[in-house]
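A.B. asks: sharing a sequence plus its predicted fold:
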Amino acid sequence: AFTGTHHQTFAMRPEQAMAVNKTHAYFHSIWKEDMHAVPRFLWNAKMRFGKTFAAYQLAKKLGATRVLVVTFKPAVEDAWQTDLDSHIDFDGWQYMSKQSGADPTAVAKDKPLVYFGSFQDLLGRDKAGNIKAKNQWLHEINWDLVVFDEYHFGAWRETAKELFEGED
């Protein structure tokens, strides 16, 4: 599989840096009170803000090496992969998704991993009600950062609420 050349070198815009710094500070304030807490932070940003790039910068600033991106709109996958594969700041990071066809057992443990998945696929169960076998490995990883993208497209649904309330 071909990946990007990591040729992009642009910095975050001031409003992106502000969002990343504010989120980073908030997470650390929560962890200072309870190191096992799972902080949540919503970026209500305009279109073309660069939330994908900023989310990757947040992951990097947090030292996250396992990042799960769950989307309610799978059509945005290209943006997530392109930002990771093209920017110099993410050289060496690994990208996986259902579309990539990559083998999760072949993931380099010493390099950051981003897994992109649709809410519908990740929530899916087999006929017996178990987690889909192909997604079992996702539930065995302790993800450092979980990003819900396009949250407004489905987070209010009962199935989403059940999943969110059942996970820490």
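C.D. replies: Nice, I can see it. Numbers count the residues shown, from 1 in each chain.

A.B. asks: for the chain, give me the ranges with low pLDDT.
C.D. replies: 1-4, 151-168 (pLDDT under 70).

A.B. asks: let's go with 90 and repeat that
C.D. replies: Low-confidence segments of the chain, defined by pLDDT under 90, span residues 1-9, 44-48, 71-79, 98-107, 118-127, 129-141, 149-168.

A.B. asks: regarding the spatially most central residue of it, what is its secondary structure?
C.D. replies: Centroid-nearest residue in the chain: Val69, 2.7 Å away (criterion: CA atoms, centre = their mean). Three-state call for Val69 (DSSP: H, G, I helix; E, B strand; the rest coil): strand.

A.B. asks: my guess is it meets Asp83, correct?
C.D. replies: No - Val69 lies out of contact with Asp83 (CB atoms under 8 Å); the separation is 10.9 Å. C-beta here means a position set from N, CA and C on the backbone, and glycine is covered the same way.

A.B. asks: contact partners for the residue nearest to the centre of the chain?
C.D. replies: Going by CB atoms under 8 Å, 6 or more residues apart in numbering, Val69 touches Ala55, Trp80, Val114, Tyr115, Phe116, Gly117, Val146, Val147, Asp149.

A.B. asks: one more time with 10 Å, if that's ok
C.D. replies: 52, 55-56, 59, 76-77, 80, 84, 95, 97, 114-118, 143, 145-149 (CB atoms under 10 Å, 6 or more residues apart in numbering).

A.B. asks: filter those residues down to the buried ones.
C.D. replies: 52, 55-56, 59, 76-77, 80, 84, 95, 97, 114-118, 143, 145, 147-149 (16 or more other CB atoms under 10 Å).

A.B. asks: just the ones of these in helices?
C.D. replies: In helices, judged by DSSP state H, the following of those are found: Thr52, Ala55, Tyr56, Ala59, Glu77, Trp80, Leu84.

A.B. asks: between these, which is nearest Met18?
C.D. replies: Checking those against Met18 with CB to CB, the nearest one is Ala55 at 14.2 Å.

A.B. asks: distance of that closest one from Lys127?
C.D. replies: 35 Å (CB to CB, to the nearest Å).

A.B. asks: now Gly63
C.D. replies: On the measure of CB to CB, Gly63 and Lys127 end up 40 Å apart.

A.B. asks: so those two - more neighbours on which side?
C.D. replies: The neighbour count for Gly63 versus Lys127, taken as other CB atoms under 10 Å, is higher for Gly63 (9 against 5).
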